[in-house]
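Peer 1: Okay, structure incoming, though there's no sequence with it:
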C-alpha cells in the first residue's frame, strides 16, 4: 500500500549516516527487517529498511548513508512538516520464530534492518537462545547505533566489532569479516540461522565464508544494500 507521511526530524548517527523520522500512518504494520519504498517526488525513489522495531515508538524511521546523490540531497533538505510518500512494507529479511541460534553479519549501513530485529527481540519471551552480531566497519566513528548495540539488554546476546582500523574499540578484530573470525566467534554454526546485511560485495563474501564453514544455503538470509543513491 502507498501512504502519505510527514517528516518529523533527522538524527545523525555517524558522519555519513543519518536517521530520518516520519509519521506512522494509521493501520501501518510491519515486521522487523522489512523495508519501504520512499518516494520524495521528481523521480527520486529508493528502497530503505526501517530501523525502528515494530512496537518501539509511534513514528517510523529509516537510516541512510549519505552519498551526495540527488536523492540524498533531497533528504538532507527536508523540513519538518513536509509530506512524502512511502510504499510497503516489503521484504523477507525477517524472523519466522523457528530460529534457535541467530548469527547476524552486518557491514556498514547494513546494520539498519538488523537493529530493528535486535530491538524487536528485546521485547519477546520466545527468542533464540543465542544471538551473535558481527559488525564490520572501517573505523570506530563509522559504527552506527554503537552505544545502543553495545548496551542492548538481550539475554544470550554478544556483539563483536570488526574494523579496518580497530583503534578505540577494545576487543575488536582487525580487518574485514572472514571465515576465520566467524569460526572464532561462533562456537557452533550447526542449525544456526545466519542473516547477512550489507553492500553486494560484502554479502557475497559472507555467503562464501558461511558455505566454507558448512552452513547450508537454507540457513542463510540476505539483505543487499546498493548504497549508491
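Peer 2: Done, it's in. This structure is a prediction, so every number in the text was calculated from the model and none was measured. Residues are numbered from 1 along each chain as shown.

Peer 1: What score does residue 192 have for pLDDT?
Peer 2: Listed pLDDT for residue 192 reads 96.

Peer 1: Then residue 189?
Peer 2: pLDDT at residue 189 comes out at 95.

Peer 1: That one is in contact with residue 211, isn't it?
Peer 2: No: with contact defined as C-beta atoms under 8 Å, residue 189 does not count as touching residue 211 (11.0 Å). Glycine gets a C-beta too; all of them are placed from N, C-alpha and C.

Peer 1: Show me which strand runs longest in the chain.
Peer 2: strand 2-12 (DSSP state E).

Peer 1: Adjacent strands (with direction) for it?
Peer 2: strand 17-23 (antiparallel), strand 83-90 (antiparallel) (DSSP bridges).

Peer 1: Buried deepest among the ones you listed, which one?
Peer 2: Mean neighbour count (mean count of other C-beta atoms under 10 Å) peaks for strand 17-23 among the strands paired with strand 2-12, with a mean of 20.

Peer 1: Backbone dihedrals for residue 116, please?
Peer 2: The phi/psi pair for residue 116 (degrees, to the nearest 10) reads phi -60, psi -40.

Peer 1: got a list of what residue 190 touches?
Peer 2: Residue 190 sits next to residue 214 when contact means C-beta atoms under 8 Å, 6 or more residues apart in numbering.

Peer 1: repeat for the one 4 residues further on
Peer 2: Contact criterion C-beta under 8 Å, 6+ apart gives 103, 104, 105, 206, 210, 215, 219, 220, 221 as the residues in contact with residue 194.

Peer 1: switch the cut-off to 6 Å
Peer 2: 103, 210, 215, 219, 220 (C-beta atoms under 6 Å, 6 or more residues apart in numbering).

Peer 1: Starting from residue 195, give me the distance back to the last one.
Peer 2: Distance check for residue 220 against residue 195: by C-beta to C-beta, to the nearest Å, it reads 8 Å.

Peer 1: Repeat that for the first one.
Peer 2: Relative to residue 195, residue 103 is positioned 7 Å away (C-beta to C-beta).

Peer 1: now do residue 129
Peer 2: In terms of C-beta to C-beta, residue 129 sits 16 Å off from residue 195.

Peer 1: Comparing those two, which residue is more hemmed in?
Peer 2: residue 195 (25 against 10; other C-beta atoms under 10 Å).

Peer 1: Alright, calling it a day.
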